[in-house]
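K.L.:
what's the 3D shape of this:
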Amino acid sequence: MRMPRSGRIAALAALALTLVAGRDDPLAGRIAGAPVRCIGIGLVQGPTILDATTILYRQSGKRVWRTGPVGPCPQLRPQSTIIVDIYGGQLCRNDRFRLIEPGLSIPSPSCRFTDFTPYDKP
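P.N.:
Model (predicted):
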């Protein structure tokens, strides 16, 4: 029995999303190291919001730092802009950040960072 056309299209779309998600995962093929409390802000580029629990900072192509919010941070979405409160030359656990959603100018309540976990290429 043949699958209906709409079923084939849905199956192909699901397969394509799976392949694209795996290829675009910035942590794919990297090995996690021990989390640290702070990272030097002058050494990294970013931030990049992946999802509601993941924020990435890149370090010269060889290392990616993964962090996220302590507890829930409702406006943390890939299309949001992060405003980070930086004191000194480091970004640390419990430093505060706020978010601005596209089309809005009022920032969200403050959220805080968790530890920073390095992900390196083997």
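K.L.:
ok, the nearest residue to Thr53 once chain neighbours are set aside - contacts?
P.N.:
Closest residue to Thr53 apart from its sequence neighbours, by C-beta to C-beta, 6 or more residues apart in numbering: Gly68 at 4.6 Å. No exception for glycine: its C-beta is placed from N, CA and C like everyone else's. Taking C-beta atoms under 8 Å, 6 or more residues apart in numbering, we find Gly68 in contact with Thr53, Thr54, Ile55, Phe113, Thr114.
K.L.:
Also Val70?
P.N.:
Counting by C-beta under 8 Å, 6+ apart, Val70 has contacts Arg93, Asn94, Cys111, Arg112, Phe113, Thr114.
K.L.:
For the fifth one, give the beta-bridge partners.
P.N.:
Think Phe113. Pro69 (DSSP bridges).
K.L.:
now the chain, which segments are flagged as low pLDDT?
P.N.:
Along the chain, the parts satisfying pLDDT under 70 run over 1-23.
K.L.:
if we can go back for a sec, filter the contacts of Gly68 down to the buried ones.
P.N.:
Buried members of the contacts of Gly68, counted by 16 or more other C-beta atoms under 10 Å: Thr54, Ile55, Phe113, Thr114.
K.L.:
My understanding was that the second one contacts Thr48; is that so?
P.N.:
What it means is Ile55. Yes. Ile55 sits in contact with Thr48 when judged by C-beta atoms under 8 Å, with a separation of 7.1 Å.
K.L.:
Mutual contacts of the two, please.
P.N.:
When contacts are counted by C-beta under 8 Å, 6+ apart, Ile55 and Thr48 have no shared neighbour.
K.L.:
Give me the three-state assignment for Ile39.
P.N.:
Assigned with DSSP: H, G, I helix; E, B strand; the rest coil, Ile39 falls in the strand class.
K.L.:
show me the contacts for the closest residue to it other than its chain neighbours.
P.N.:
Nearest in space to Ile39, with sequence neighbours left out and distances taken as C-beta to C-beta, 6+ apart, is Phe116 at 4.9 Å. Residues in contact with Phe116 (C-beta under 8 Å, 6+ apart) are Pro35, Val36, Arg37, Cys38, Ile39, Tyr57, Trp65, Arg66, Thr67, Leu91, Arg93.
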